[in-house]
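[1] predicted structure and sequence below. I'll ask about it afterward.
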Amino acid sequence: MPSPLKIRDLTLRDGQQSQFATRMNQAQVERVLPLYREAKFWGMEVWGGAVPDSVMRYLDENPWTRLESIKTGIGGVSRLTALSRGRNLFGYTPYPDSVIGGFCRNAVHSGVDVMRIFDALNDVDNMKASIRFVKEAGGQADCAICYTVDPRFSMGERINAFLKGRRLPGKLFTIKYFVGKARELAALGADMISIKDMAGLIEPGITATLIKALKEEVGIPIDLHTHCTPGFGVASTLMAMESGVDIVDTVILAFSGGPAAPAWEIVELLARRLERPTGVDAAAVGKIDTQLRAMRRELEKFDQYKDNHPPILDLSKHELPPEDLALFDGAVEAARAGRVDRVLELCQKIEKRFNYPDPDDIVRTAQIPGGMYTNMLSQLQDAKLEAHIPEVLALVPEVRLDCGVPPLVTPTSQIVGVQAVNCVIDKHLGKPMYSNVSKNFFELVKGAYGNTPWPVDPAFRKRITGSPVETPYDTSKYVKQPNPALAQFGGIPLATNEKEELLLELFPSVAEKFLKGQRKREWEAANPPAPPPPEAPPEPEKPSRYAAAFWEEELALAIEA
């Protein structure tokens, strides 16, 4: 008998980050918390990623307050999950254990039940400390493996590399590679494994093969996290469900599609046909969707897909027309028969029925995340070279190979993309390739971010860094961020507790500005300006001598009368 399917709702973190630049404010989040409590999702991803930075930078709100308020609002009905980048936590810097431990402990104590831990290089060593500290604090470690694909090289490029004595990788990112990583993480104490497909590149057939292999060889729950950008999202989620995945990540319909994950409503209709109950209250989800549609109007200036609002579908009230239900029936039948091409065809029709944006051909063919493409295009536009975007896309595999074939996930996707643009700009300025190297590319090639999936050529490393020897980051040299006393606010420290100190460590410039604002508000509340002294009552005006003479004359006339 099929097992129940657990749902992790991403709406309040990845959903709003993918669609609306992480601009949901505290009041908007709190509007839906009572309804989420009714909905009873297995889990809710609500924190981490871009949330802590964005709520301080753009909303002047405290990220710890955001997490703690959600914990109170949900009251333990759903597991709260968050996302962190292993030893890097949120940025590029590899942190010492003191910072990682403090962050994990405070995150769990403030409300995180499950920490999804990943590393942009899939370097398991970079994840060990977070796994240990999360579990010591009483949380669960959801260890994510970044899904990626091999760089594409034409036969001509391979022959040319061979003639130059340069070694190109064969198949790196195989089923065996991902299963091996999962087994390593399980041995370290992972409570579950997530396949983190940030670009939506995992195809339905590969999804089925990978999930089955993981279920056979790794004895802990498996989660699939994917996006809809290249048009594989719904089809791959269906194949994962048919293949026995334990958990799938979804967002509520109003925030779904495009760069976001598939909608819960679509997944629920598929799960019912697969006889895999989710346990989610459809009526509560319908109410949340109503609120989210109002918020989407409020967030309109951040909405990239204003013309792609999905139609309303409350599964506690509405039934799709027969021709649409036939798409779901056909997709499930094709999934059970292993007809992957048919699954993709029907699921893309389902996506079209729900007004999802068309599949992004650039993301699908170039096999890069949508955000990476947008960043590269913006960089080229600044240099007035936007017409050369095809040249940059063609160069990405070579740049990626030079720096060790990292998975294209934040932040490595940005590092590779920025460097590919720099190389094209170099060319058009008549300079040799790699004349302009970003600091982050330098550190990646040096070895400061960890072990890359493919070894960096020592000669290339020497060309970029000055040394052929891999040099890991030395956390013993880490210098803690300053926490000055603020004389203008009575000498109080900028950060007044461990949580605020962690904000300074993880987001130095953003947190400094935010915390100064906090201290200013507290100082002004405790030290209101003294009220102005009361004004003396005005002295009565003395009548002028002309006025006095007038009244004397009037009085005399009155007496005579």
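    Arrived safely, thanks for sending.
[2] ok, now which ones touch E68?
    Taking C-beta atoms under 8 Å, 6 or more residues apart in numbering, we find E68 in contact with 110-111. C-beta coordinates here come from the backbone N, C-alpha and C atoms, glycine included.
[3] that's a strand at it, yeah?
    No. The assignment for E68 is helix, going by DSSP: H, G, I helix; E, B strand; the rest coil, so no strand is present there.
[4] quick one: E61 is in a strand?
    No. Assigned with three-state DSSP, E61 falls outside any strand and is coil.
[5] for the nearest residue to it once chain neighbours are set aside, grab the count of nearby residues.
    In space, and not counting its chain neighbours, E61 is closest to V55: 4.4 Å by C-beta to C-beta, 6 or more residues apart in numbering. Neighbours of V55 under the rule other C-beta atoms under 10 Å: 26.
[6] quick check: mean pLDDT across the host helix or strand of V55?
    Taking DSSP states H and E as the definition, one finds V55 inside helix 51-57. Per-residue pLDDT over helix 51-57 has a mean of 96.
[7] do the same with stretch 269-277
    97.
[8] again with stretch 138-147
    Here the average pLDDT along stretch 138-147 is 98.
[9] just the C-alpha atoms of that stretch, please, in CSV.
    Coordinates of the C-alpha atoms in stretch 138-147 are reproduced here as CSV (Å, rounded to 0.1, in the frame of the first residue of the first chain):
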residue,chain,number,x,y,z
GLY,A,138,17.8,19.3,19.8
GLY,A,139,17.0,20.0,16.2
GLN,A,140,16.9,17.7,13.2
ALA,A,141,19.5,17.8,10.4
ASP,A,142,18.1,17.8,6.9
CYS,A,143,21.2,17.4,4.8
ALA,A,144,20.7,18.7,1.2
ILE,A,145,22.7,17.6,-1.8
CYS,A,146,22.8,20.2,-4.5
TYR,A,147,21.6,18.7,-7.8
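[10] which neighbouring elements make contact with the helix or strand hosting I195?
    Assigned by DSSP H and E, I195 falls within strand 192-196. Under the contact criterion of 3 or more C-beta pairs under 8 Å, 6 or more residues apart in numbering; DSSP states H and E, strand 192-196 touches strand 114-117, strand 140-146, helix 175-187, helix 204-217, strand 222-225.
[11] what's the fourth one in contact with?
    Contact with helix 204-217 is made by 175, 178-179, 182-183, 193, 195, 202, 222, 224, 226, 232, 235-240, 242-245, 338, 340, 343-344, 347, as judged by C-beta under 8 Å, 6+ apart.
[12] what residues sit buried inside the longest helix seen in the chain?
    Ranked by residue count under DSSP state H, the longest helix found in the chain is helix 508-526. Neighbour counts over helix 508-526 (16 or more other C-beta atoms under 10 Å) mark 510-512, 514-515, 518-519 as buried.
[13] if we can go back for a sec, the residue nearest to E61 contacts W64, doesn't it?
    No. Judged on C-beta atoms under 8 Å, V55 makes no contact with W64 at a distance of 9.8 Å.
[14] circling back: need the buried residues of helix 508-526 in TSV (columns: pLDDT and distance to P359).
    Output for the buried residues of helix 508-526, formatted as TSV (pLDDT from 0 to 100; distance: C-beta to C-beta, whole Å):
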residue	pLDDT	distance to P359
V510	96	35
A511	97	39
E512	97	42
F514	97	39
L515	97	43
Q518	96	44
R519	96	49
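[15] if we can go back for a sec, who's in contact with the residue nearest to E61?
    Contacts of V55 (C-beta under 8 Å, 6+ apart): 22, 25-26, 61-63, 66.
[16] can you list the residue ranges for strands in the stretch 201-350 of the chain?
    222-225, 247-250 (DSSP state E, counting those that start in this stretch).
[17] now render these as CSV, adding distance to L393 and mean neighbour count.
    Output for those, formatted as CSV (distance: least, C-beta to C-beta, whole Å; neighbours: other C-beta atoms under 10 Å):
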stretch, distance to L393, mean neighbour count
strand 222-225, 25, 25
strand 247-250, 28, 26
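[18] indicate which one of the ones you listed is closest to I70.
    Nearest to I70 among the strands of the stretch 201-350 of the chain is strand 247-250 (17.3 Å), distances taken as C-beta to C-beta.
[19] please name every helix or strand in contact with that closest one.
    strand 6-9, strand 222-225, helix 233-242, helix 264-273.
[20] what does the pLDDT read for the closest residue to P458 other than its chain neighbours?
    With C-beta to C-beta, 6+ apart as the criterion, P458 has its nearest non-adjacent residue at 3.7 Å, and that residue is P468. pLDDT for P468: 97.
[21] report how many residues lie close to P468.
    13.
[22] can you tell me the SS state at it?
    P468 - assigned by three-state DSSP - is coil.
[23] one step back: quick one: buried ones out of the contacts of helix 204-217?
    Applying 16+ other C-beta under 10 Å to those flags 178-179, 182-183, 193, 195, 202, 222, 224, 226, 232, 235-240, 242-245, 340, 343-344, 347 as buried.
[24] now the helix or strand harbouring V29: buried residues?
    Per DSSP H and E, V29 falls inside helix 26-39. The neighbour-count check on helix 26-39 (16+ other C-beta under 10 Å) flags 28-29, 32-33, 35-37, 39 as buried.
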